[in-house]
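**Student:** My questions concern the predicted model and sequence given below.
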Amino acid sequence: MRTTNHDRVRNASRRGFTLIETAVASVIVGTGVLGMVAAQQAWHRQNAWAERAAIGARLGNEIREMTFDLLRHDPVTAAGTWGPEANEVDLMDYDDLDDFDGVLGNGVVFSHATGNGPVNALRRVIPGMDGWSQEVRVRNIDPANVNLDVADGASDLMRVEVLVFWQGPMDPEPMPITRVDWIAPN
């Protein structure tokens, strides 16, 4: 029996995929690749956030360790002077907790942008911390209600609060990362 040219063409066209089958396969594979890329991107964002949160907690706790053994008030002037005394001009001079509330009582900021921070527990600037800052505030609190602030020097209890901020190169302003606070007892 002889095969005709028409039979050969019909058999040859059955060897590959049709255009529709190829298009469907391309859509399925493309969707899978896009899903993997999106998952990887989400993982990178989450990892970046976790890294910033860990650094923020570390920077807050550095201040806590620095102030752990400090007296509440200056040994010479006692509670008569709130904030740094006249001869205490920088961090190395601070010898009591109320010094960390700053000259105006608004706290002190240790920042890479100003060149004085962020600082570690040894009061040294931590290198390579571009965009990071620590804001320290000290408040007197009511012994009967620790959630209530009272006038400076009016109580024996103090709350020390450290706010840690990070500002990325493209961020218009710093964003708060963490807050570490504690009560310094008598």
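**Tutor:** That came in fine, so what should we check first?
**Student:** and the gap between the spatially closest residue to residue 98 that is not a sequence neighbour and residue 142?
**Tutor:** Excluding the flanking residues, the one nearest residue 98 by Cβ to Cβ, 6 or more residues apart in numbering is residue 82, at 5.2 Å. Every C-beta, even on glycine, is put in place using the N, C-alpha and C of the backbone. The gap separating residue 82 from residue 142 is 17 Å, by Cβ to Cβ, to the nearest Å.
**Student:** same deal with residue 134?
**Tutor:** Noted for residue 134: a distance of 26 Å to residue 142, by Cβ to Cβ.
**Student:** What score does the residue nearest to residue 98 have for pLDDT?
**Tutor:** Looking at residue 82, its pLDDT stands at 85.
**Student:** Surely residue 27 is within a helix?
**Tutor:** Yes - checked against DSSP: H, G, I helix; E, B strand; the rest coil, residue 27 lies within a helix.
**Student:** For this structure, just list every one of the strands.
**Tutor:** 108-111, 132-142, 145-150, 157-166, 175-184 (DSSP state E).
**Student:** one step back: ok, now which ones touch the residue nearest to residue 98?
**Tutor:** With contact taken as Cβ atoms under 8 Å, 6 or more residues apart in numbering, residue 82 is in contact with 98, 101, 105, 152-153.
**Student:** Where neighbours are concerned, which of these has the most?
**Tutor:** residue 98 (27 neighbours; other Cβ atoms under 10 Å).
**Student:** and of the contacts of residue 82, the nearest to residue 184?
**Tutor:** Nearest to residue 184 among these: residue 98, at 10.0 Å, using Cβ to Cβ.
**Student:** my read: that closest one touches residue 137, true?
**Tutor:** No - counting by Cβ atoms under 8 Å, residue 98 does not reach residue 137; the two are 11.0 Å apart.
**Student:** what ranges of the protein fall below the confidence cut-off?
**Tutor:** For the chain, the stretches with pLDDT under 70 are 1-14, 186.
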